[in-house]
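Participant: Return atomic coordinates for the entry below.
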Amino acid sequence: MSEEPVAKKAMREALGETSPDVSRLVAAVPRLMREAERRRNRALAPSRSLGQLAAWALPRLAAVTAVAVIAAGWVISREEESAASATTLTTMESVILDGNPGATGDVVFDALLDVRRSDG
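Facilitator: Next up, the predicted model:
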């Protein structure tokens, strides 16, 4: 086992008469303290300011709003088209009872709504 002599040698050197040199560690303490202070301040500070968050979010919200308005306009126009085509549809009842293809199918209701049939 070749590792035993290396380990024994390292132990003998560690137990030797020389005292450990900590001067570099002592000299590094102020720099380590500044780094710890900087990291603590960065952790306590908010990650983004309100202005940065607004600059990031507002263009995205505007795009989403534009898409929603376009979609709503399309849906409304489709509803108006279907409502317009629904009023022009003829039902079998309106043709048989009234002969009026634009009627609703209810004779009494059509009579109330039709100005030509109204006496008043």
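Participant: tell me the mean pLDDT over the helix or strand hosting residue 34?
Facilitator: Assigned by DSSP states H and E, residue 34 belongs to helix 23-44. Here helix 23-44 scores 89 as its mean pLDDT.
Participant: Now the following helix or strand past it: buried residues?
Facilitator: Sequence-wise, the next helix or strand downstream of helix 23-44 (DSSP H and E) is helix 50-87. Buried residues in helix 50-87, defined by neighbour count with 16 or more other Cβ atoms under 10 Å: none. Heads up, the C-betas are built off the backbone N, CA and C, glycines and all.
Participant: same deal with stretch 38-52?
Facilitator: Applying a neighbour-count criterion of 16+ other Cβ under 10 Å, one finds nothing buried in stretch 38-52.
Participant: Alpha carbons only: can I get that stretch in CSV?
Facilitator: What follows is stretch 38-52 as a C-alpha-only set of coordinates in CSV (Å, rounded to 0.1, in the frame of the first residue of the first chain):
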residue,chain,number,x,y,z
ARG,A,38,-22.4,43.1,-0.4
ARG,A,39,-24.2,39.7,-0.6
ARG,A,40,-26.4,40.5,2.3
ASN,A,41,-27.4,43.9,0.8
ARG,A,42,-28.1,42.3,-2.5
ALA,A,43,-30.3,39.6,-0.8
LEU,A,44,-32.2,42.3,1.1
ALA,A,45,-32.7,44.6,-1.9
PRO,A,46,-35.8,44.0,-4.1
SER,A,47,-34.9,42.2,-7.2
ARG,A,48,-36.7,44.6,-9.5
SER,A,49,-37.9,48.1,-9.0
LEU,A,50,-41.5,49.1,-9.9
GLY,A,51,-40.3,51.0,-13.0
GLN,A,52,-38.4,47.9,-14.2
